[in-house]
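A.B. asks: Requesting a structural model of the entry that follows:
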Amino acid sequence: MDDFETSTEPDFSTGTSVLERPQEDTQAKRDDGGDADRFAHYVSRERIEESRLTGRPVVALCGKVWVPRRNPKDYPVCPECKKIYEEYSGAMF
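C.D. replies: Here you go, the predicted structure:
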């Protein structure tokens, strides 16, 4: 005689299961289609220096994510970064 019973009833016992997750791109989006590439963005000097040493991307005040490689003096200031910076600076004084 078997120690197990065969049952047609559903099994409500607890257990573990594995949930499948779709593959995600874990790397930050570094390109916004080119619109923000024509501006110089506001980022702290410390973050720029760190990026130059590590190659990791930085995040500007406007949300632009990129690895800085060009001279920002060659481009006009990003209007969104400038607006955020001015609002933040005005709130401090």
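A.B. asks: How about the contacts made by residue 41?
C.D. replies: Under the criterion of CB atoms under 8 Å, 6 or more residues apart in numbering, the neighbours of residue 41 are 60-62, 64, 66, 72, 78, 81. Glycine gets a C-beta too; all of them are placed from N, C-alpha and C.
A.B. asks: Can you go through the residues you listed and name the buried ones?
C.D. replies: Those of the contacts of residue 41 that meet the buried threshold are 60-62, 64, 66, 78, 81, by 16 or more other CB atoms under 10 Å.
A.B. asks: for these, which one is nearest residue 52?
C.D. replies: The nearest member of these to residue 52, counting by CB to CB, is residue 66 at 12.8 Å.
A.B. asks: what's the spacing between that closest one and residue 89?
C.D. replies: 23 Å (CB to CB, to the nearest Å).
A.B. asks: Could you give me the buried positions within the least confident helix or strand in the chain by mean pLDDT?
C.D. replies: Here the helix or strand of the chain ranked lowest by mean pLDDT, DSSP states H and E is helix 79-92, holding a mean of 86. For helix 79-92, a neighbour-count test (16+ other CB under 10 Å) marks 80-82, 84 as buried.
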